[in-house]
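> kindly generate the corresponding structure for this input.
(one chain, ligands or ions: 1)
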Amino acid sequence: QFPFGRRLPCDIYWHGVSFHDNNIFSGQVNKFPGMMETVRKITLSRAMRTMQDLFPLEYNFYPRSWILPEELPLFVAEVRMMKDSNPSWKPTFIVKPDGGCQGDGIYLIKDPSDIRLTGSIQSRPAVVQEYICKPLLVDKLKFDIRLYVLLKSLEPLEIYIAKDGLSRFCTEPYQEPTLKNLHQVFMHLTNYSLNIHSGNFIHSDSVNTGSKRTFSSILCRLSSRGADVKKLWSDIISLVIKTIIALTPELKVYYQSDIPAGKPGPTCFQILGFDILLMKDLKPMLLEVNANPSMRIEHEQELSPGVFENVPSPVDEKVKVAVIRDTLRLMDPQKKKRKDTHNIYYTEFEHAGDILRSLSCISGMKDKQHKHHSLKLSLKLKFYLKLGSCQRLEQAPAASEEAPDAAPSPEPALPSLCLKQVFPKYAKHFSYLRLVDRVAALFIRFLGVKGTTKLGPTGFRTFIRNCRLSNSNFSMAAVDILYIDITRRWNSMGIDHKESGMCLQAFVEAFFCLAQKKYKALPLHEQVASLIELCECRLAALHGKRLVWGCG
Ligand code: ADP
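Residues are numbered from 1 along each chain as shown. Modelled structure (predicted):
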C-alpha cells in the first residue's frame, strides 16, 4: 500500500477498482483499461446481441435482452408478436438498471407496460431481460454460481477458470413467478448482499450447507443424483470462452488507447467474476460479468445490537484465497528467471505470501474496519500458514494433475493449481467465432491518432478507399451518409460523450451493413467473414506494394 504515493516501479500493481494509473511503464497491472465499461449491463448486452446476430445457436446462453429506453418500442413490439404467435407463452421479465450491482433497483414484471417509466428510466438506462422461470433448485431454493476467471492476456488470448466457485442461495423457497410473488426478492434474487438481511440466512462453517456454499459441493450432490457433471463443466467452460470472445474487441480498442503499441507500458491481467444460473435441465445461463468481484473472506456478525465483528468465512476463504494465490503464481515475474533453486523459491514464496496477506486485507477493508487492521493481519497470517507454507520444508513437489493445462512448472510444496487454462487450450473449437475481433483490428488500424477510441470521417473514408469497397453502386457520397447516419444514432444513445466520432460498435454495424450489401445470399456470419477476408487481403496487397515502392 502506498498511501503517500509510489516512488519505485513495481513488478505487480494491484488496483482496487479499475485501471486508472497512466504513469506505469512496466510490470503488470491487475486491471485492463475499459473493463468496467465493457462489462456494464448495457455494453455486455450489446456485445452479446452482436454475437447472437452472427451465431444465434452458439450464444443462446444469454437471455433475450432489450436496452431501455431506446429499445422500449422494440421490446413492446417483439413481446406482442411472440405472444400473438404463441398465446400460451406467459413470460416474466427482469429489469436491471445499467451500472447497478448487488440487486440494486432490480424488479420483475409480467408485461412491458409494467416498466416503471417515472423519470428513472430516462435518467438511468437499464436492461430488460427474459426472466429464467425454471432454475435448478437445491433444497427447494434458487441459487446462482459465482465463478472466477483470470484473463491473463488479451493478445494472445489466455483464459483460466477456477475449478471451484461459490453458490449463493436465496432464502425463501422458490416458486415460479406470479403477480403475487414478483416482489419477493428473497425468493427471486440470489444476491448475497440482499439475502444476508433475511432472517433465514444461514452462515455455515461447512462448505456444503448454508446460504453460501462451494460450487464443488453442488456438483458432488448433482453427481450423486446421476447428473452429467462433466458435460455441465464443459458447457460452463464454453460459456466463459464465448463471453470473453464477445468482450475482447471492445477491450482491444481501450487497450490500444491507454497503452499504445510500441511505447513502454505495462501488461495487464484481471480476475473476473462470472455470475451463472443453472436451468432445471442443467443448461448454464450467463447473468453478468463482474469486473471487480469481491475478494472478501470474512463476513460481519452482529454480536449485540449495533456491534459488529468480522469473522472468517470458510467458504469464501477456500475459493478466493486459491484464486488470488494462483493468479500470483501465474503472473509471477520471477518465474521466467527462476533457476529452480530452493533459495530463490523460498524468497519468492515469502514475497508472494506477503502480497497475498495485504491483498486480502485491501480487498476486504471498509473504512470502519481500519481499526481492526492488526487483528485482520494476524488472521490472514493464519490462513496463509494454512495454505501450505508451514509444510513446505517437509513436502515433496506437488504432483499437479492439471500440470499440462496449467502453469508450465508447478512450484513444489504449493497446493495444485485451482486455475485451469481453457484458452488457448480449446482455441481450435472457438476460433471461428472471433470475427468481431478481426473487424476491431480493422477499426484500430484506421483510428489514426493514438489514444482515441473513435473513428473520424476521414479514417472511415480511408478504410473504404484502401479496401476498395466503393464502386458505381456505392459512391463515396453514400459512404459519408452511412458514416453520418450510424455515428449520429450511436452517439445519441451512447454513454460516452467525451469523444466525437464512430465507436467500435457503430463501425461493426456499418461493417455488417456493407457485408450484407456485397454478399446478399449468404447467412450473416458468412457475409461478414467474406468481407473481412476481402479487406484483409486488399490491405495486405496494399502494404506489400508500399514495401516494394519503399525498397525501390
Ligand atoms: P446485480 O449486478 O445487481 O447483482 P444481476 O444481473 O446479477 O444484477 O441480477 C441480480 C440477481 O437477479 C441474480 O443474481 C439472479 O439471482 C437474478 N437474475 C438476474 N437476471 C436473471 C434472469 N434473466 N433470470 C432469472 N434470474 C435473474
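> which bits of the stretch 51-200 of the chain sit near the ligand?
63, 94, 96, 100-104, 106, 129, 131-132, 144, 189-191 (Cβ under 6 Å from any ligand atom). Yep, even glycine has a C-beta here, placed from its N, CA and C like the rest.
> near the ligand, which residues of this protein are found?
63, 94, 96, 100-104, 106, 129, 131-132, 144, 189-191, 275, 277, 287-288.
> just the buried members of these?
Buried subset of the residues of the chain next to the ligand (neighbour count, 16 or more other Cβ atoms under 10 Å): 63, 94, 96, 101, 103, 106, 129, 131-132, 144, 189-191, 275, 277, 287-288.
> so Trp501 makes contact with Lys454?
Small correction: residue 501 is Gly, not Trp. Yes - applying Cβ atoms under 8 Å, one finds Gly501 in contact with Lys454, separated by 3.2 Å.
> for these two, indicate the residue with more neighbours.
Lys454 (23 against 19; other Cβ atoms under 10 Å).
> residues contacting that one?
Leu447, Glu499, Ser500, Gly501, Met502, Cys503 (Cβ atoms under 8 Å, 6 or more residues apart in numbering).
> out of those, give me the two with the largest separation.
Using Cβ to Cβ, the pair of the contacts of Lys454 lying farthest apart is Leu447 and Ser500, separated by 13.4 Å.
> which one's more surrounded, those two?
Leu447 (21 against 10).
> do you know how far the more buried one is from the ligand?
32 Å (Cβ to the nearest ligand atom, to the nearest Å).
> mind listing what that residue touches?
So, once contact is read as Cβ under 8 Å, 6+ apart, Leu447 ends up touching Gln256, Thr453, Lys454, Leu455, Gly459.
> the fourth one touches Arg445, doesn't it?
No - with contact defined as Cβ under 8 Å, Leu455 does not reach Arg445; the gap is 10.1 Å.
> which neighbours do these two share?
Phe463.
> more neighbours: these two, which one.
Neighbours were tallied for Leu455 and for Arg445 using other Cβ under 10 Å; the higher tally belongs to Leu455 (25 against 14).
> ok, back up a step: closest to the ligand among the contacts of Leu447?
For the contacts of Leu447, the minimum distance to the ligand (Cβ to the nearest ligand atom) is 24.8 Å, reached by Thr453.
> isn't that closest one up against Glu499?
Yes - counting by Cβ under 8 Å, Thr453 touches Glu499, with 6.3 Å between them.
> which of the two has more residues huddled nearby?
The neighbour count for Thr453 versus Glu499, taken as other Cβ under 10 Å, is higher for Thr453 (22 against 14).
> OK, contacts around that one?
Contacts of Thr453 (Cβ under 8 Å, 6+ apart): Val253, Tyr254, Ser257, Leu447, Asp496, Glu499, Cys503, Leu504.
> mind listing what the last one touches?
Contact analysis of Leu504 by Cβ under 8 Å, 6+ apart lists Pro249, Glu250, Val253, Ala440, Phe443, Thr453.
> low pLDDT regions in the stretch 1-150 of the chain?
1, 6, 21-22, 117-123 (pLDDT under 70).
> hey, where'd the helices end up in it?
Residue ranges of the helices in the stretch 1-150 of the chain, as given by DSSP state H, counting those that start in this stretch, are 35-38, 41-54, 72-85, 120-123.
> helix, strand, or coil at the closest residue to Val185 other than its chain neighbours?
Leaving aside its chain neighbours, Val185 sits nearest to Leu194 (5.5 Å; criterion: Cβ to Cβ, 6 or more residues apart in numbering). What DSSP: H, G, I helix; E, B strand; the rest coil gives for Leu194 is helix.
> top strand in this structure by residue count?
strand 141-153 (DSSP state E).
> okay, buried residues for that one please.
Neighbour count says strand 141-153 has 141-153 buried, by 16+ other Cβ under 10 Å.
> name the residues linked to the closest residue to Val95 other than its chain neighbours by a beta bridge.
What sits nearest to Val95 in space, not counting adjacent residues and going by Cβ to Cβ, 6+ apart, is Val128, at 4.9 Å. With DSSP bridges as the criterion, Val128 is bridged to Trp66, Val95.
> tally of neighbours for Val128?
When counting by other Cβ under 10 Å, one arrives at 23 neighbours for Val128.
> give me the three-state assignment for Leu287.
Going by three-state DSSP: Leu287 is strand.
> what sits closest to it if chain neighbours are left out?
Asp275 (4.2 Å).
> A strand includes that neighbour, no?
Yes - counting by three-state DSSP, Asp275 is part of a strand.
> from Leu72, how far out is it?
25 Å (Cβ to Cβ, to the nearest Å).
> swap in Pro333?
In terms of Cβ to Cβ, Pro333 sits 50 Å off from Leu72.
> mean pLDDT per helix and strand in this structure: which one sits at the bottom?
helix 373-387 (a mean of 38; mean pLDDT, DSSP states H and E).
> gap between Glu78 and the ligand?
16 Å.
> hang on, I meant Lys545
50 Å.
> and what of Lys83?
For Lys83 relative to the ligand (Cβ to the nearest ligand atom), the value is 18 Å.
> in the stretch 351-500 of the chain, which spans are helices?
So, for the stretch 351-500 of the chain - with DSSP H, counting those that start in this stretch - the helices run 373-387, 427-430, 435-445, 457-466, 476-493.
> let me redo that: the stretch 151-300 of the chain
185-188, 192-195, 215-224, 229-258.
> how distant is the second one from the center of its chain?
Distance of helix 192-195 from the chain centroid (Cα atoms, centre = their mean, to the nearest Å) equals 21 Å.
> run through who's touching that helix.
Gln102, Gly103, Arg168, Phe169, Cys170, Thr171, Val185, Phe186, Leu189, Phe201, Ser211, Lys212.
> thought the second one was touching Phe186?
So the one you mean is Gly103. No - Gly103 lies out of contact with Phe186 (Cβ under 8 Å); the separation is 10.5 Å.
> where does the stretch 451-552 of the chain dip in pLDDT?
494-498, 547-552.
> ok, back up a step: in strands, which of the residues of the stretch 51-200 of the chain next to the ligand appear?
Going by DSSP E, the strands hold Ile94, Lys96, Gln129, Asp144 from these.
> turn the residues you listed into a markdown table, columns for distance to Ile271.
Shown next, in a markdown table, are these (distance: Cβ to Cβ, whole Å):
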| residue | distance to Ile271 |
| --- | --- |
| Ile94 | 26 |
| Lys96 | 23 |
| Gln129 | 25 |
| Asp144 | 18 |
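> neighbour-wise, which of Pro333 and Leu72 wins?
The residue with more neighbours, out of Pro333 and Leu72, is Leu72; 16 against 13, by other Cβ under 10 Å.
> list phi and psi for the residue nearest to that one when sequence neighbours are not counted.
Spatial nearest neighbour of Leu72, excluding adjacent residues (Cβ to Cβ, 6+ apart): Ile115 at 7.1 Å. Dihedral pair for Ile115: phi -60, psi 130, per degrees, to the nearest 10.
> contacting residues for Ile115?
Leu68, Leu72, Val95, Ile109, Ile121, Val128.
> now the second one: how far from Ser492?
I take that to be Leu72. 15 Å.
> outline the domain layout of the chain.
Following the assignment in the TED database, the chain carries domains at 12-63+132-332, 433-550.
> so where's the stretch 251-400 of the chain uncertain?
In the stretch 251-400 of the chain, residues with pLDDT under 70: 336-400.
> where exactly do the strands run in it?
267-268, 270-278, 284-290, 298-304, 307-312 (DSSP state E, counting those that start in this stretch).
> nearest to Pro33, of those?
Comparing these by Cβ to Cβ, strand 267-268 comes nearest, at 7.3 Å.
> so what's the gap between the closest one and the chain middle?
Strand 267-268 sits 16 Å away from the centroid of its parent chain (Cα atoms, centre = their mean).
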